[in-house]
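A.B. asks: pasting a predicted model and its sequence here:
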Amino acid sequence: RMRGISPTANAVGSMAGIGILLVSMYWNRLGPRWMMVTMLAVTILALLLSQSRTTMVTVAIVLLAYHWGNFRRIPFMLIGVALATMVFLFVLPYLEDVFVLLSRSGQASEITTGTNRAAIWVAVLEVWSDRPLQGWGFGSTLFILPTYSGLFSAAAHAHNNMLEIL
């Protein structure tokens, strides 16, 4: 996955997502249209190449809320919610197949376990419960989690800021 300006591909995705939001929200106030289209194309490409699914979903939700979030558009919002509900109910029997399509590895468990984050979070809470008052020190998960039984060696951090602080 891509890296370069930032240490991780997810950070590149976050930067691209912010760029998409800014260009979309200030479309009428910024420079020439060809420049806006170019900026939007580059940031969308960066977001897609980063494969940061959380950022993709967040950008979609924020843009929907921004562009549809006023009282005049409530009927359209209700129609959109109804359509989304119908699509969800149609897809529900095939949910595992959809998860396989959405996953990078081709396994539904990647989505259902949050790329194994659930196991990491359980381990972090168990390790924290050993020393709840003094803790282990910020960043110590880099040394503790890879040695924790039941986790894989790539589990170097908690994947959650609150748990990382614990």
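C.D. replies: Great, that's in hand.
A.B. asks: keeping just the C-alphas, turn stretch 88-102 into CSV.
C.D. replies: Extracted in CSV, the C-alpha atoms of stretch 88-102 (Å, rounded to 0.1, in the frame of the first residue of the first chain):
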residue,chain,number,x,y,z
PHE,A,88,-29.9,-3.5,2.9
LEU,A,89,-32.8,-5.9,3.2
PHE,A,90,-32.1,-7.2,-0.3
VAL,A,91,-28.4,-7.7,0.5
LEU,A,92,-28.9,-9.2,4.0
PRO,A,93,-29.2,-12.9,2.9
TYR,A,94,-25.9,-12.4,1.0
LEU,A,95,-24.1,-10.4,3.7
GLU,A,96,-21.2,-12.9,4.0
ASP,A,97,-20.6,-12.6,0.2
VAL,A,98,-20.6,-8.8,0.5
PHE,A,99,-18.1,-9.0,3.3
VAL,A,100,-15.9,-11.2,1.1
LEU,A,101,-16.0,-8.6,-1.6
LEU,A,102,-15.2,-5.8,0.7
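A.B. asks: now for the helix or strand of the chain with the lowest mean pLDDT, which elements pack on it?
C.D. replies: Every helix and strand in the chain was compared by mean pLDDT, DSSP states H and E; the lowest is helix 161-165, with a mean of 71. For helix 161-165, the elements it packs on are helix 117-130, judged by 3 or more C-beta pairs under 8 Å, 6 or more residues apart in numbering; DSSP states H and E. Just so you know, the C-beta spots here come from the backbone N, C-alpha and C atoms, and that holds for glycine as well.
A.B. asks: got the CA positions of the helix it packs on in CSV?
C.D. replies: Extracted C-alpha coordinates of helix 117-130, given in CSV (Å, rounded to 0.1, in the frame of the first residue of the first chain):
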residue,chain,number,x,y,z
ARG,A,117,-9.1,-5.7,16.2
ALA,A,118,-11.7,-7.3,18.5
ALA,A,119,-9.1,-9.8,19.7
ILE,A,120,-6.5,-7.0,20.1
TRP,A,121,-8.9,-4.9,22.1
VAL,A,122,-9.7,-7.8,24.4
ALA,A,123,-6.0,-8.4,24.9
VAL,A,124,-5.4,-4.7,25.6
LEU,A,125,-8.1,-4.7,28.3
GLU,A,126,-6.7,-7.9,29.9
VAL,A,127,-3.2,-6.5,30.0
TRP,A,128,-4.5,-3.2,31.4
SER,A,129,-6.4,-5.0,34.1
ASP,A,130,-3.1,-6.4,35.4
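A.B. asks: fine by me, we can end here.
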